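Peer 1: What shape does this take:
(chains A and B)
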Amino acid sequence: GQQVMQIPQYQHVQEGEDFTTYCNSSTTLSNIQWYKQRPGGHPVFLIQLVKSGEVKKQKRLTFQFGEAKKNSSLHITATQTTDVGTYFCAGRGGSNYKLTFGKGTLLTVNP
Amino acid sequence: NAGVTQTPKFRVLKTGQSMTLLCAQDMNHEYMYWYRQDPGMGLRLIHYSVGEGTTAKGEVPDGYNVSRLKKQNFLLGLESAAPSQTSVYFCASSTVGNQPQHFGDGTRLSIL
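Peer 2: Below you'll find the predicted structure:
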């Protein structure tokens, strides 16, 4: 079955440093979504990427979808304490209704 | 606008007991999903529904049953709870299958 691997599992940074999490799929994806989950909270949708090589930005967050549509990344520039949480990628293959979630990257930020 | 509402928020069960988790959405979404979240395991799909009266198995369906009698409700049942089912359960919904999912606040279930 489809597998989505996400690294690193944990990342601790000083406030102001950059952060990147990477997502790799065992199969070609039709699209990929990113979610953020604050400690004790629920996942919240951030963005969806559909096109090969697509790059989208949301303020300090930059999302990329690989040319082969098998990998993706989320980069945060100049982290803030409000960025703390677990970031999940979730991929969908073909006409599959289901999302396969990566295990997430837990980001902690030292003020 | 409540979005996705899960009840109860917390529950402690004894092994062998049964219970039903309720998920209700007020966004008129067609698709609904049940996930479980365990430390270091991410979100794993238990069952999902693509419309009223339909259900399908996800990645980890064993030990669970679901029903979608009304479009706005998706019920998750545990017939005979086991300690391995201790987890946080999230319900989600989406307009169609390739659209963003909206999650409820979760149900924290402990089975002793």
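Peer 1: for the residue nearest the centre of chain B, what are its contacts?
Peer 2: In chain B, the residue lying closest to the centroid (CA atoms, centre = their mean) is B:Trp34, at 3.1 Å. The neighbours of B:Trp34, taking CB atoms under 8 Å, 6 or more residues apart in numbering or on different chains as the test, are B:21, B:23, B:45-48, B:58, B:64, B:66, B:74, B:76, B:89-91. In this view, the C-beta of every residue, glycine as well, is placed from N, C-alpha and C.
Peer 1: ok, 10 Å please
Peer 2: B:6, B:21, B:23, B:44-49, B:55, B:58, B:60-61, B:64, B:66, B:74-76, B:89-92, B:107 (CB atoms under 10 Å, 6 or more residues apart in numbering or on different chains).
Peer 1: Give me the distance between it and B:Gly106.
Peer 2: According to CB to CB, to the nearest Å, B:Trp34 and B:Gly106 sit 11 Å apart.
Peer 1: ok so, going back, so which of the contacts of B:Trp34 would count as near chain A as well?
Peer 2: Contacts with chain A are made by B:6, B:44-45, B:48-49, B:58, B:90-92 out of these, judged by CB under 10 Å from any CB of the partner chain.
Peer 1: Just the ones of those in helices?
Peer 2: Among the ones next to chain A among the contacts of B:Trp34, no member is found in helices (DSSP state H).
Peer 1: which of those has the most neighbours?
Peer 2: B:Cys91 (29 neighbours; other CB atoms under 10 Å in any protein chain shown).
Peer 1: Contact residues of chain B facing chain A?
Peer 2: Looking at chain A, the residues of chain B close enough under CB under 10 Å from any CB are B:4, B:6, B:31, B:33, B:35, B:37, B:39-45, B:48-50, B:56, B:58-59, B:88, B:90-92, B:94, B:96-106, B:108.
Peer 1: Can you turn the buried part of these into a PyMOL selection?
Peer 2: In PyMOL, a selection of the buried entries from the residues of chain B next to chain A looks like this (16 or more other CB atoms under 10 Å in any protein chain shown):
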select buried, chain B and resi 4+6+31+33+35+37+42+43+44+45+48+49+50+58+59+88+90+91+92+94+97+98+99+100+101+102+103+104+105+106+108
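Peer 1: Can you tell me how far the residue lying closest to B:Thr95 once chain neighbours are set aside is from chain A?
Peer 2: Excluding its sequence neighbours, the residue lying closest to B:Thr95 (CB to CB, 6 or more residues apart in numbering or on different chains) is B:His29, at 5.5 Å. Here the criterion is CB to the nearest CB, to the nearest Å. By it, B:His29 lies 13 Å from chain A.
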